[in-house]
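Trainee: Build me a model from this:
(chains A, B and C)
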Amino acid sequence: MTLNVLMFYLLSAIILIFSVLTITSRRMLRAAVYLLFVLVATAGFYFLLNYQFLAAVQLTLYAGGIVVLIIFSILLTGHISEKFKKPASWKLWMGIIALVVGSTLTLWTLLSHNFVKSTDIKAVPVDMHLIGNQLLGLGKNGYVLSFEIISVLLLAAMIAAIVIAKKEKSQKSDTL
Amino acid sequence: MTNFSYVILIPLIPLTVFLVTGLLGMKWKPLVSGVIGTVGLGISFFLSLFAAYQYFFATASAGGYHTIIPVNMLWLSFTSTLQIHMGVLLDPISVMMLVVVTTISFMAHIYSLGYMKGEKGFQRYYAFLSLFTFSMLGVVLSTNIFQMYIFWELVGASSFLLIGFYYDKPSAVAAAKKAFIVTRFADLGFLIGILILSFYTGTFDFSKLMQPGTSLFAGITGVSFLGISGITWAMTLIFMGAAGKSAMFPLHIWLPDAMEGPTPVSALIHAATMVVAGVFLVARMFPIYHFHAPDVLIFIGYVGGFTSLFAAIIAMTQFDIKRVLAYSTLSQIGYMMVALGVSGYGGEAGLGYTAGMFHLFTHAMFKALLFLGAGSIIHTVHSNLMKDMGSLRKYMPITHITFLAASLAISGIPPFAGFFSKDEILTAAFHANKLLFYVEYITAGITSFYIFRLYFNIFWGKDTNYEHKPHESPLNMVIPMIFLALGATFGGFIPFHDLVTSNMKPFADKLNILVSLPSVAIGLVGIAAAWILYKKENDLSDRIAKSLGVLYISTFHKFYIDELYLFVTKKIIFNGIARPIAWFDSKIVDGFMIGIGTVTMKISYKIKGLQSGELQQYAFVFIAGTIILALFLLYTLGFH
Amino acid sequence: MIQGISIYHFLIVSSLMFFIGIAGFIIRQNLITILLSIELILNSVVINFLVFNRYLYPNQLQGHFFSLFIVGVAAAEASVAIALIINIYRRIRNIEADNVNEMKY
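Mentor: As a prediction, this is how the structure comes out:
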């Protein structure tokens, strides 16, 4: 058993365990921290798959950006010590049914399917040079259009977030 | 060739007046609308007189008159063969009608200035009068059947407005509806007739249809339906339209009720213009009737004869003076129809045609005068009933004299206008159809009886105790009456047989002593009978009425024709046909639709609980749906 | 391509992660934890993209770029969602999903 395999199992275990903990923890801040673990472990997967750049993005953007954002919002909207009440049983059952049936079906389908890789393909090394060229490329394998769309989307989301979260003038300032 | 294109102004001026007073009238004082309408119509009147002068005298030639079409615009062009024009057609009858319509309308306009003074809706009244005059002139000047039909309907609509002028009076509203529905029903026949005729001949134009010996009718005479040829059907249906407007039996029921309108309207519509539109239509189509559908012409003669006798008998028993005049109108129009029915084509054979038109002309004068006189009386007595009147000659000398002139004219006493025209009709009937001659001969006696019954009852007899002392009408009401009295007195000397003839060529006409002497005699007999019964107050008339019993009562109730109509429409059509259909519509058809709506609504009330607003419930349903769809795709459609 | 680990291993992990995310979405009350579940779902999808890219089409970078874009979209979505949640909290002083059910019939 090589180190890679070992790492894989370790990371898988982290991902699955902390995923479950994320959705079951009754303290919100803890749930956010468990999610952080899941995200870091996912970044580990990316390293395993040899996508170092994406792993770095995952760490900085997800773990560093989004999770911090979520934690801030948790702090803004409640008390850290607040404990959730138990979910209603019908919701619990709905969730469990969705989990069991959905994953059974998916796994069944996955495992009964034979993924074929064409053998004569040569892997390209994923270096920053290639990523940069393709991300802003215009020709074959160029993604500049999607890149622009994403940038416009991000701009729109930023403006929307500001507009939505902005305090209305007439509102009293004691709300936040 | 004189240029007649100015004739188009004659109908266009009333139209303009209608639009202007109709749209802006409420902003002005009432009198302004009246003056504008009267002046506008006055211009039309003088233009018509000028046109008539030019047509009959300035352009006269030895070969008779010609049809002149000074204006003819293409209006609708459906296909290369189906084109509808709008234009102006001048021939002797249309020029004559032009004069009649504008004269009577002008007189009615002047008269109304006094009669309608202070009435609510004075401006509206003048706007409608102008509209009516416009549409009537449009009928007269039409160059093709289609244009005529349009104006024909416009006449119906504007007469509806005028009859229902007192729209807050239920009886007026009912009368307006009745007139409109009955004439509309008849116009359905007219329209079908037009469609049949133009389908087979391929044209609407009068000038093409009128040519003697034209081959256009080859197709339609060959067709037959129920054993009757197509042309007969078409012309009978067209006559049905004419009978509706001219109130021929059995479509006459609207005319007496239409007296609910203001009296000048009665004079205009029910004496001179709208009701003679039917006569005019038959005269306009006369060559077609004569050459292609002579059977229909005979039928027209009989319908006219029956109506004239029938209406004259009813007129004897009525007590409402306007109703007497209404039935008298029916009777006189019957005369005109008889004249057309017995007429031949060209020369002396066409005497009936000339006589019919002549009678139309003189009748317009004296009947309008009678109505205006009646209006003048009603204006001062405030009642329509004979029993409220008596000895009015002392109070209203001018009305009295003019009324007397008109009465003598309608009775056919020389030298008044009615004598000449009625005499011509009787002569024509005498030569062509003896039965109709005798019917008309008797009718002439009855006519003079009922009109003098009216006259004696109003102007002689007992001196009723009036609440307000009756007085002569104002000048603007008296002047039209005097003018028309002159027309009724001297109109008979116009040499119609030189002017208006069936083939537009003059012919020599001479008095037939054999006919005219007896006709004058029977007229005098009628007058004498009325003199005996009504000159002095006595109970002779009541005793005669009693002795006639059922006959009198049924006559008094107009032979129950109205009741018959009501029975047919209410009991048979409404209860037998309309109600089941209405039931079917409201219960089955609507019920089905309402049922669909109700079921949908009930179901949505039941299932709206599913939309709970619970986000997670939605998410679960979404996932469940996705899974089911995936299963379906994988195992049923084989996307594996 | 990693020695000793087949494509199925990765896919099983990502599938389970995906459905755990779904179950969390359904079960959790709090809007922020629902947001956390969504992040789980997105990450499992990203793993899928990368795995397919690496194992089946290593000569291209499509899966890689899509993952990149998903990260961008996730960031946008998270920011807008948090703005909404804060606004809801301001109005009803609560961010329970049960209380945000105004949009029904």
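Trainee: residues touching the most centrally placed residue in chain A, list them.
Mentor: Per C-alpha atoms, centre = their mean, the C-alpha nearest to the average position across chain A is that of A:L39, at 6.2 Å. Shown in contact with A:L39 (C-beta atoms under 8 Å, 6 or more residues apart in numbering or on different chains): A:Q58, A:L59, A:Y62, A:A63, A:V67, C:E39, C:N43. Every C-beta, even on glycine, is put in place using the N, C-alpha and C of the backbone.
Trainee: so B:P480 touches B:G375, yeah?
Mentor: No. In this structure B:P480 lies outside contact range of B:G375 using C-beta atoms under 8 Å: 10.2 Å.
Trainee: which residues are common contacts for those two?
Mentor: Common neighbours of B:P480 and B:G375 are listed as B:Y111 (criterion: C-beta under 8 Å, 6+ apart).
Trainee: Now do the phi/psi pair for B:W75.
Mentor: The phi/psi pair for B:W75 (degrees, to the nearest 10) reads phi -110, psi -60.
Trainee: ok, what's across the strand from the closest residue to it other than its chain neighbours?
Mentor: Nearest non-adjacent residue to B:W75, counting by C-beta to C-beta, 6 or more residues apart in numbering or on different chains: B:M86, 4.4 Å away. B:M86 forms beta bridges with B:M73, as assigned by DSSP bridges.
Trainee: in chain C, what spans have low per-residue confidence?
Mentor: For chain C, applying pLDDT under 70 flags the ranges C:1-2, C:103-105.
Trainee: So which elements touch the lengthiest helix in chain C?
Mentor: Scanning chain C for the longest helix, with DSSP state H as the assignment, gives helix C:62-92. Helix C:62-92 is packed against helix A:52-57, helix A:67-77, helix A:128-135, helix A:144-165, helix C:31-56, with contacts defined by 3 or more C-beta pairs under 8 Å, 6 or more residues apart in numbering or on different chains; DSSP states H and E.
Trainee: Quickly compare those and say which is most buried.
Mentor: Comparing those by mean neighbour count (mean count of other C-beta atoms under 10 Å in any protein chain shown), helix C:31-56 ranks first with a mean of 22.
Trainee: and the residue of chain C found nearest chain A, how far is that from B:I623?
Mentor: Relative to chain A, the nearest point of chain C is C:G24 (3.0 Å; C-beta to the nearest C-beta). Counting by C-beta to C-beta, to the nearest Å, the gap between C:G24 and B:I623 amounts to 12 Å.
Trainee: more crowded one of these two?
Mentor: Neighbours per residue, other C-beta atoms under 10 Å in any protein chain shown: of C:G24 and B:I623, the larger number sits with C:G24, 26 against 22.
Trainee: Can you tell me the closest non-neighbouring residue to the more buried one?
Mentor: Leaving out its chain neighbours, the residue that sits closest to C:G24 by C-beta to C-beta, 6+ apart is A:I23, at 3.0 Å.
Trainee: I'd like to know how many residues surround that neighbour.
Mentor: Neighbours of A:I23 using other C-beta under 10 Å come to 26.
Trainee: do C:I82 as well
Mentor: 24.
Trainee: Would you mind confirming that it is in contact with A:I71?
Mentor: No. With contacts counted by C-beta under 8 Å, C:I82 stays clear of A:I71, the gap being 10.6 Å.
Trainee: re the thing from before, closest to B:G613 out of the helices and strands packed on helix C:62-92?
Mentor: Nearest of those to B:G613, taken as C-beta to C-beta: helix C:31-56 at 14.1 Å.
Trainee: quick one, that closest one and helix A:67-77 angle?
Mentor: Orientation of helix C:31-56 against helix A:67-77 (axes from the mean of the first three to the mean of the last three C-alpha atoms, to 10 degrees) gives an angle of 170 degrees.
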